[in-house]
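Chemist: sharing a sequence plus its predicted fold:
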Amino acid sequence: MMDPAMMARMAELAAPGAAHAELAKLAGTWEDSYVVSMPGMPSMETKGTRTTKSLLGGRYILEEIEFSMMGMKMEGVSLMGYDNMKKEYVSVWMDSMSTWPIFSRGPKNASGDIETKGTMVDVAGERPFRMVWRQKGANEVEAEMYDTIPPTGEVKVMTIKSTRKQ
């Protein structure tokens with residue numbers, strides 16, 4: 001038998017809370033506008049769509065994303081939740097241009113934005129990256145991706161503006 005105090009703690013940590021409810025509000029269909037800015041190259045702009053749904057009793061959101069990048073169709077899946085034990089958001093990204101997932105985690109920053117950090121993995125190697133998600137109202141979200149590009153260091157490489165379809 002498990003200790004009753006330990007069982008109560010497990011139940012507490014497993015229960016969806018305010019952070020989960022906040023993520024669940026993102027459920028719906030969104031139109032995305034992307035601006036990709038790689039150092040030494042002109043910025044690229046593209047549009048896409050995302051469908052977001054809450055799952056596992058409101059503990060996570062699943063985003064299914066479609067857009068074109070450099071003339072190629074790209075599909076992606078993002079799973080995001082909130083870890084009650086570590087008190088931070090967790091995210092995993094997978095897409096049709098790779099066969100490996102990208103993980104990140106982090107808290108809300110001083111501005112109230114979700115800011116996760118992880119390790120980018122691609123043909124250029126492994127390096128730190130971070131994402132910042134900013135809620136701009138019930139129907140607008142903005143995300144920024146920062147990559148570490150030698151020798152420059154951290155560079156904002158993508159901005160995604162999402163507007164909920166009405």
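Modeler: Happy to help now that I have it.
Chemist: which residues sit against the helix or strand containing residue 155?
Modeler: Following DSSP states H and E, one finds residue 155 within strand 153-164. For strand 153-164, the external contacting residues (Cβ atoms under 8 Å, 6 or more residues apart in numbering) are 28-39, 50, 128, 130, 138-149. Backbone N, C-alpha and C define where each C-beta goes, glycine included.
Chemist: again, but for stretch 7-22
Modeler: 57, 58, 59, 60, 81, 82, 84, 85, 89, 135.
Chemist: what are the buried residues along that stretch?
Modeler: Residues of stretch 7-22 classed as buried by neighbour count (16 or more other Cβ atoms under 10 Å): 16, 19, 20.
Chemist: distance to residue 121 and secondary structure added to the residues you listed, as a markdown table?
Modeler: Formatted as a markdown table, the buried residues of stretch 7-22 follow (distance: Cβ to Cβ, whole Å; DSSP: H, G, I helix; E, B strand; the rest coil):
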| residue | distance to residue 121 | secondary structure |
| --- | --- | --- |
| 16 | 30 | coil |
| 19 | 27 | helix |
| 20 | 28 | helix |
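Chemist: distance to residue 119 added to those, as JSON lines?
Modeler: As requested, the buried residues of stretch 7-22 are exported to JSON lines (distance: Cβ to Cβ, whole Å):
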{"residue": "16", "distance to residue 119": "28"}
{"residue": "19", "distance to residue 119": "23"}
{"residue": "20", "distance to residue 119": "25"}
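Chemist: identify, from the residues you listed, the entry nearest to residue 2.
Modeler: residue 16 (21.8 Å; Cβ to Cβ).
Chemist: per-residue confidence for the closest one?
Modeler: Per-residue confidence (pLDDT) for residue 16: 97.
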